[in-house]
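# Just the structure for this:
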Amino acid sequence: MTQTPAAERTTAVQAELSYLAPGSTVLRRFTAPGNSVNTGRYETHVVPIRDGRPVQDEFSVEVNGFRIARHVSAVTDFTDKAEVDAVYVPEVLDFVREQLGADQVASRGWVLRRSAAPGENASQPQAGLVHIDYAPQGFDDMAAAVYAEHFPDGPGYSRAVATSTWRVFSPAPQDWPLALCDFRSVAPDDGIPNTLYFVDEIPEDPFGPVDGLRKVTSGSEFVVNPAHEWWYFPDMTRDEVLFFVFHDTDHGRAWRVPHSAFADPTVEATAPRHSIEFRTFAFFR
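Reported below is the predicted structural model:
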């Protein structure tokens, strides 16, 4: 793998990432309260994940597809749904608009994740697979539907960007930090669609018929690629966020970022990671 100049000036941990096994078929993800199941076959690979702290000011959404930013929230309790809806939602919409220079930003909801006892506070488990929440297939239709829902009288748009604003609110160090893949190391043909379903209970046969189940969207999962260049930012505080791209209809810039939580082998006993991720769609006239 050819390293970028920033990578040559940093150190890395050797950690396990879970990639899709070649030949996997019938890719589905079922998400129920406190649990989720994927039907793909997966294999673990030990890869270098570089510490982005020494070069954190060199990352940009336009080039790498992600950056770490300071963002102080007025939320006092991220497990309080009413407070998050009332305070955090408008904060993040303003943040995304400022970061991207977008004309309009729509919320696609938020989710809590916890690396232990995920059912507490309606949290989901950490997302420990290399993935992107939205696949290119069907994204244009989804963006159009989101725009019509949130801005029915709007003038239209020429570009849509789906992003995540990811914040940890448990104390450092994080046992399961988030790894982000530099867009420049992702091959154009990387990624296989995986359909997401929200369910009350995980089906007994996840490979069986899905008639009557609510299909939410399709994400992308990835087979291992030695060219992938991975980064993480250890010891994040609640006043920092990772801001990264799920999909950008403008492919002339960084337009997607594979990502995954991973168990940091250098971190000993610590409090479980508790985080909040917020998905948005930004639109440009």
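
# which residues does Ala143 contact?
Listed by CB atoms under 8 Å, 6 or more residues apart in numbering, the contact partners of Ala143 are 157, 160, 162, 249, 281, 283. Where you see a C-beta, it was placed from the backbone N, CA and C, and this is true even at glycine.

# Backbone dihedrals for it, both of them.
Backbone torsions of Ala143, given as degrees, to the nearest 10, read phi -60, psi -40.

# quick one on the thing from earlier: would you write out the ChimeraX command that picks the buried residues out of the contacts of Ala143?
Selecting only the buried entries of the contacts of Ala143 in ChimeraX, with 16 or more other CB atoms under 10 Å as the criterion:
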select :157,160,162,249,281,283
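
# In strands, which of the contacts of Ala143 appear?
Per DSSP state E, strands hold the following members of the contacts of Ala143: 160, 162, 281, 283.

# Which pair of the residues you listed spans the longest distance?
The most widely separated members of the ones in strands among the contacts of Ala143 are Ala162 and Phe283, with 10.5 Å between them, by CB to CB.

# quick one, what contacts Pro265?
13-15.

# Show me which residues of stretch 41-56 are buried.
42, 47-52, 55.

# Tabulate those residues (CSV), appending secondary structure, distance to Asp200 and pLDDT.
Shown next, in CSV, are the buried residues of stretch 41-56 (DSSP: H, G, I helix; E, B strand; the rest coil; distance: CB to CB, whole Å; pLDDT from 0 to 100):
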residue, secondary structure, distance to Asp200, pLDDT
Tyr42, strand, 25, 93
Val47, strand, 36, 98
Pro48, strand, 40, 98
Ile49, strand, 35, 98
Arg50, strand, 40, 98
Asp51, strand, 41, 98
Gly52, coil, 39, 98
Val55, helix, 45, 97
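
# so, if you compare these, which one comes nearest to Pro193?
Comparing the buried residues of stretch 41-56 against Pro193 with CB to CB places Tyr42 closest, at 15.9 Å.

# isn't that closest one right next to Pro22, touching?
No - if you go by CB atoms under 8 Å, Tyr42 and Pro22 don't touch, sitting 11.0 Å apart.

# For Trp166, list the residues it contacts.
178, 241-244, 275-278.

# mind listing the helices in the stretch 101-250 of the chain by residue range?
All helices of the stretch 101-250 of the chain, identified by DSSP state H, counting those that start in this stretch, fall at 139-150.

# Break down it into its strands, ranges please.
Remark: strands assigned in the stretch 101-250 of the chain by DSSP state E, counting those that start in this stretch are 104-114, 124-125, 131-132, 159-168, 178-181, 192-198, 214-221, 230-232, 240-248.

# Gly34: which of these is closest?
Proximity to Gly34, assessed across these by CB to CB, is greatest for strand 124-125 (7.0 Å).
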